[in-house]
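S.K.: Here is a sequence together with a model predicted from it:
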Amino acid sequence: EILMTQSPATLYVSPGDRVTLSCRASQSVQTSVAWYQQKPGQSPRLLIHDASIRAKGVPARFGGSGSATVFTLTINNLQSEDFALYYCQQYNEWATFGQGTKVEVK
Amino acid sequence: QLQLRESGPGLVKPSDTLSLVCSVSGASINDYYWSWVRQSPGKTLEWIAYMHHRGGADYNPSLRGRVSMSLDASRNEFSLNLESVTASDSAVYFCARGMLTGHYWGPGTLVSVPS
């Protein structure tokens, strides 16, 4: 099973900040990586697929990059509605998720 | 607008079979891949299964043998069966559109299996 490791576990930021979330795969997953946002009591929302392609309706301040084993989700000009839990997921071999990074207000 | 909604029993006895249904509106079930994903309390997500009406189903290797998925085009819904459940199967179960990426999700349904 491919392990996805996200860092940090919690990120303390302020509105307007540029935020970078990291995800590392235990082996190469090419660009088969997605990023999701989840708020308490809600289902996940797809933000990015294929490592860098924004899903339909996702604001341009969300960007994804990376390949092989190292991936990044960047949020520019963080808005109040962006405080949430973020998961990375690989789907190169079945599908596995990271443990999540919580973006909290500083 | 695509909407998905899960339904099923909130409580299942150990060793019984968990059965869930996802009702789809706003799209034909024959046009896309559909999936089931679960999330144990306070934990990460686990992809359970996906299916397309032309391609059959595929299952998480860790659950293969206990899980099955089916589509019902006449009702525009799809189902999940998980056999021989234990307390570790307690989770929020989500249905989603997509093969191994969830483009649209239902709100989820909580299933508890007492220990």
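M.R.: Nice, thanks for sending it over.

S.K.: mean confidence score for stretch B:35-44?
M.R.: The average pLDDT within stretch B:35-44 is 93.

S.K.: Check which residues of it are buried.
M.R.: Residues of stretch B:35-44 classed as buried: B:S35, B:W36, B:V37, B:R38, B:Q39, B:T44 (neighbour count, 16 or more other Cβ atoms under 10 Å in any protein chain shown). Backbone N, C-alpha and C define where each C-beta goes, glycine included.

S.K.: what sits against the residue most central in space within chain A?
M.R.: Centroid check for chain A by Cα atoms, centre = their mean gives A:W35 as the closest residue, at 3.9 Å. Applying Cβ atoms under 8 Å, 6 or more residues apart in numbering or on different chains to A:W35 gives the contacts A:L21, A:C23, A:L46, A:L47, A:I48, A:F62, A:G64, A:L73, A:Y86, A:Y87, A:C88, A:Q89.

S.K.: Please tabulate these in CSV, including the columns secondary structure and pLDDT.
M.R.: Formatted as CSV, those follow (DSSP: H, G, I helix; E, B strand; the rest coil; pLDDT from 0 to 100):
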residue, secondary structure, pLDDT
A:L21, strand, 98
A:C23, strand, 98
A:L46, strand, 98
A:L47, strand, 98
A:I48, strand, 98
A:F62, strand, 98
A:G64, strand, 98
A:L73, strand, 98
A:Y86, strand, 98
A:Y87, strand, 98
A:C88, strand, 98
A:Q89, strand, 98
